[in-house]
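K.L.:
Here is my input; please provide its structure:
(one chain, ligands or ions: 1)
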Amino acid sequence: MAYRDLRDFLTALEQAGELRRVTAPVSPELEITEITDRICKQHGPALLFESVRGHTMPVLMNAFGSSRRMAMALGVESIDEVAAEIRTLLTQPPPTSLRRKVGAGLQLLSLSRCLPKTVSSGPCQEVVKTEGFSLRELPVLKCWPQDGGPFITLPMVFTKCPDTGVRNVGMYRMQVFDDTTTGMHWHVHKVGARHYRRHAQLGTRMPVAVALGGDPAITYAATAPLPEDVDEMLLAGFLRKASVELVPCKTVPLDVPAAAEIVLEGYVDPGELRREGPFGDHTGYYSLEDDYPVFHVTCMTHRRDPIYPATVVGRPPMEDCYLGKATERLFLPLLQLTFPEIVDINLPLEGVFHNLALISIRKRFPGHAQKVMHGLWGLGQMMFTKVLVICDEDVNVQDTSEVVWKVLNNIDPQRDVTFVHGPVDVLDHAAPQPNVGTKMGIDATRKWPEEGFRRPWPDETRMTEDVRRRIDEIWPSLGLT
Ligand SMILES: Cc1cc2nc3c(=O)[nH]c(=O)nc-3n(C[C@H](O)[C@H](O)[C@H](O)COP(=O)(O)O)c2cc1C
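P.N.:
Just a heads-up that it's a prediction; the model follows:
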C-alpha cells in the first residue's frame, strides 16, 4: 500500500521503532547536523526535531537512513523485491499462448494505473502565500561550518522541456540567498540544466516548482538516474503501485505532488547567475563556490501544519548512501539489458557513488573487461565513475575484502589499468579542471592466452571436499570452538 503522504510514512516509521522525536530545543544552524551525523554514524533512527529554535515547523532528518527504512519508503521488506519485479517485467518472453497474453494484458493494465494523474486540489495548497512571505519561515539548515549559507537539501525540483513539455524532477540543492531567492544547483550534466539551457536559447523565462515532502517514493524518484525524457512521476507511480496525484501550481504552469508538505513556485531567468556555495557535500569535502542560476520564488504554498524534510550529506555513511544503494539495486536489471554479461555491481559507500564501481562479469572474449568499462563510461550518470574495477563472475563484489585480495593479486598494473579522458562529476575536486578529467579502469579478470598471457594461471588455495568433510565430522571433538 502506498503512503498517502510524508506523515503516513512517519507513522509507519514510528510504529516500527524507526523514528525518534527530539523535543529539546536545537538550532538549525549546525546543531541539527551534529546530532544527525552522530546518529547516522551509529546507523540510528530517523529523527523528528520538534523544537527548532526560531521556527514552528518540525524538521525531519534521516528518514531514508538505513536499508530497512529505505525499503519501508518503497513499501517493501527489501529493495531486492522491487529489483526482482523490474527484472521480471524486463525479461518477460513475448506472450504466445492465450494465458500469457491475458497475463501481459493484466500487467499492462496494472501499470497504466500507476500513471500520474492531475487533481484539482491538494493539502499542499491549504495555505497559499503570493506576497509577504519569506523563505526564512522554513527551518532551512546551515549544515557545515564553511557552508555559504542555509541550504534546502531534500528538494524535488520540477521543470519541463520547453520543446516537448516532458516533465523532469531532480533533486538539486538550493542555497537560500534571501526572503525570495535561492541558488539552483543543477549540475551541467543534469536534466534541469538541459531545460535551462534550452530556455536560454529561446530567450524565455523558465518556470520552476519545488516540492518538499510527500510519499517518500516520490522523493526517491527525484534522485534516480532515469533516461532524460522519462518522467520521474512514472517511476514513483510504479514504485508506490498507485498514481502520483499532482495538483496544478497557483502561479506557474507546472504540476506538483498534491500531498507534498511545502511547495515553492517561481522562475529562473536565463543569464542571471549568482555565486553559490561552498557546501559540505556527499564526498565529505566542501564543494567549491561557483556561479549557478537564481530561483525567484513567487508563491509559497503549504499544509496548515507542515513538516520540513531535510538531509545532511558529508563523510559517509550518511542518509544519501541508502538512496544511492537503492538505485544500485533497482538499476542493475536495467543495466543488464544493455550489458547481459554483468553479474553484479557494488558502489561502495566510501566511493560516494561516482568514485568507485566494483563489477563482476561473465567474461566471454579477449578484451571483454575493456568493452564493459567503455560501455559504462558512455551510459548516463555512470559516465562519472572515476574508478571502475572489473572482476570475473566468481568474485563476490559485495565483499570488498575479497575484491581487494583478488584484484591486487590478479593485476599487472601497466597491462591492466586503462586511463580515459572525459567528463567527471562536478563534485570531483581533484580533477585538473572543473567537470573534465581522467577516469581509470582496472581489468582484474583472469588473463587469457588470447590476450597475450602465456604463463600458467595458478589456482586459489582451496581444501579438498573430502578433507573438509572429515574435519567437519571430528571438529566438535577437537575442542577448538
Ligand atoms: C541528497 C541529494 C542531493 C543532491 N544534490 C544535487 C545537486 O545539488 N545537484 C545535482 O546536480 N545533483 C544532485 N543530486 C543528484 C541528483 O539528484 C541525481 O543525479 C538525479 O538523478 C538528477 O536527476 P536528473 O537526471 O533528472 O537531472 C543529489 C542527490 C541527493 C540524493
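K.L.:
What are the boundaries of the helices in the stretch 201-350 of the chain?
P.N.:
216-223, 232-240, 319-338 (DSSP state H, counting those that start in this stretch).
K.L.:
can I get the ones you listed in a markdown table with mean pLDDT and distance to residue 197?
P.N.:
For the C-beta atoms, the positions are set from N, CA and C on the backbone; glycine is no exception. Listed next are these as a markdown table, based on pLDDT from 0 to 100; distance: least, CB to CB, whole Å:
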| stretch | mean pLDDT | distance to residue 197 |
| --- | --- | --- |
| helix 216-223 | 98 | 20 |
| helix 232-240 | 96 | 20 |
| helix 319-338 | 97 | 25 |
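K.L.:
Point out the most buried one among those helices.
P.N.:
Sort these by mean neighbour count, taking mean count of other CB atoms under 10 Å, and helix 216-223 sits at the top with a mean of 25.
K.L.:
Report the distance from it to the chain centre.
P.N.:
Centroid separation between helix 216-223 and its chain, computed with CA atoms, centre = their mean, to the nearest Å, is 8 Å.
K.L.:
Name the residues that touch that helix?
P.N.:
2-3, 6, 9, 63-64, 70, 73-75, 154, 156-157, 169-171, 211, 213, 232-233, 235-236, 239-240, 244, 257, 309, 323-324, 326-327 (CB atoms under 8 Å, 6 or more residues apart in numbering).
K.L.:
Please apply the same query to stretch 421-432.
P.N.:
So stretch 421-432 is contacted by 187-189, 281-283, 285, 287-288, 352, 354, 377, 383-384, 386, 434-439 (CB under 8 Å, 6+ apart).
K.L.:
Which residues belonging to it are considered buried?
P.N.:
423-428, 431 (16 or more other CB atoms under 10 Å).
K.L.:
Grab the CA positions of it and hand them over as PDB.
P.N.:
Extracted in PDB, the C-alpha atoms of stretch 421-432 (Å, rounded to 0.1, in the frame of the first residue of the first chain):
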ATOM      1  CA  HIS A 421      39.800  11.300 -20.500                       C
ATOM      2  CA  GLY A 422      36.300  12.700 -20.300                       C
ATOM      3  CA  PRO A 423      33.500  14.300 -18.200                       C
ATOM      4  CA  VAL A 424      33.800  13.800 -14.500                       C
ATOM      5  CA  ASP A 425      31.400  14.600 -11.600                       C
ATOM      6  CA  VAL A 426      31.100  18.300 -10.800                       C
ATOM      7  CA  LEU A 427      32.000  17.300  -7.200                       C
ATOM      8  CA  ASP A 428      35.400  15.900  -8.200                       C
ATOM      9  CA  HIS A 429      37.700  18.500  -6.700                       C
ATOM     10  CA  ALA A 430      40.800  16.600  -7.700                       C
ATOM     11  CA  ALA A 431      40.200  16.900 -11.400                       C
ATOM     12  CA  PRO A 432      42.700  19.300 -13.000                       C
END
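K.L.:
picking up where we left off before, okay, among the buried residues of stretch 421-432, which ones form the most distant pair?
P.N.:
423 and 427 (12.5 Å; CB to CB).
K.L.:
Backbone dihedrals for residue 28, please?
P.N.:
phi -70, psi -10 (degrees, to the nearest 10).
K.L.:
Check the gap between it and the ligand for me.
P.N.:
Distance, residue 28 to the ligand, using CB to the nearest ligand atom, to the nearest Å: 17 Å.
K.L.:
Verify the stated contact: that residue with residue 141.
P.N.:
Yes - using CB atoms under 8 Å, residue 28 is in contact with residue 141, at 4.9 Å.
K.L.:
and for the two, which residues touch both?
P.N.:
In contact with both residue 28 and residue 141: 59, 150, using CB under 8 Å, 6+ apart.
K.L.:
between those two, who's got more neighbours?
P.N.:
The residue with more neighbours, out of residue 28 and residue 141, is residue 141; 28 against 22, by other CB atoms under 10 Å.
K.L.:
Give me the below-cutoff pLDDT ranges for this protein.
P.N.:
Residue ranges of the chain with pLDDT under 70: 104, 106, 109.
K.L.:
got the residues of it near the ligand?
P.N.:
Counting by CB under 6 Å from any ligand atom, the chain comes close to the ligand at 153, 168, 170-173, 185-187, 190-192, 223-225, 311, 313, 320, 323, 381.
K.L.:
so who does the nearest residue to residue 38 once chain neighbours are set aside touch?
P.N.:
Of all residues not flanking residue 38 in the chain, residue 44 sits nearest, at 7.9 Å (CB to CB, 6 or more residues apart in numbering). Residue 44 makes contact with 20, 38, 62, 65, according to CB under 8 Å, 6+ apart.
K.L.:
Can you give me the neighbour number for residue 347?
P.N.:
Count around residue 347 with other CB under 10 Å applied: 22.
K.L.:
same check, this time on residue 389
P.N.:
For residue 389, using other CB under 10 Å, the count is 25.
K.L.:
what's the answer for the one 3 residues further on, then?
P.N.:
Burial measure for residue 392: 16 neighbouring residues, criterion other CB under 10 Å.
K.L.:
I'd guessed it sits against residue 445; true?
P.N.:
Yes - judged on CB under 8 Å, residue 392 makes contact with residue 445 at a distance of 4.9 Å.
K.L.:
In three-state terms, label the closest residue to residue 89 other than its chain neighbours for me.
P.N.:
Spatial nearest neighbour of residue 89, chain neighbours left out: residue 107 (7.4 Å); criterion: CB to CB, 6+ apart. Secondary structure for residue 107, judged by DSSP: H, G, I helix; E, B strand; the rest coil, is helix.
K.L.:
Which single residue in the stretch 351-481 of the chain comes nearest to the ligand?
P.N.:
With CB to the nearest ligand atom, the shortest gap between the stretch 351-481 of the chain and the ligand falls at residue 381, namely 5.8 Å.
K.L.:
Give me the buried subset of the contacts of residue 44.
P.N.:
62, 65.
K.L.:
Counting only strands, which of the contacts of residue 44 make the cut?
P.N.:
Using DSSP state E, the members of the contacts of residue 44 that fall in strands are residue 20.
K.L.:
As CSV, the contacts of residue 44 with distance to residue 469 would be great.
P.N.:
CSV is the format used below for the contacts of residue 44 (distance: CB to CB, whole Å):
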residue, distance to residue 469
20, 49
38, 48
62, 47
65, 44
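K.L.:
still on that earlier bit, quick one: buried ones out of the contacts of stretch 421-432?
P.N.:
Here, 16+ other CB under 10 Å leaves 187, 189, 281-283, 287, 352, 354, 377, 383-384, 386, 437, 439 buried among those.
K.L.:
Cheers, nothing more for now.
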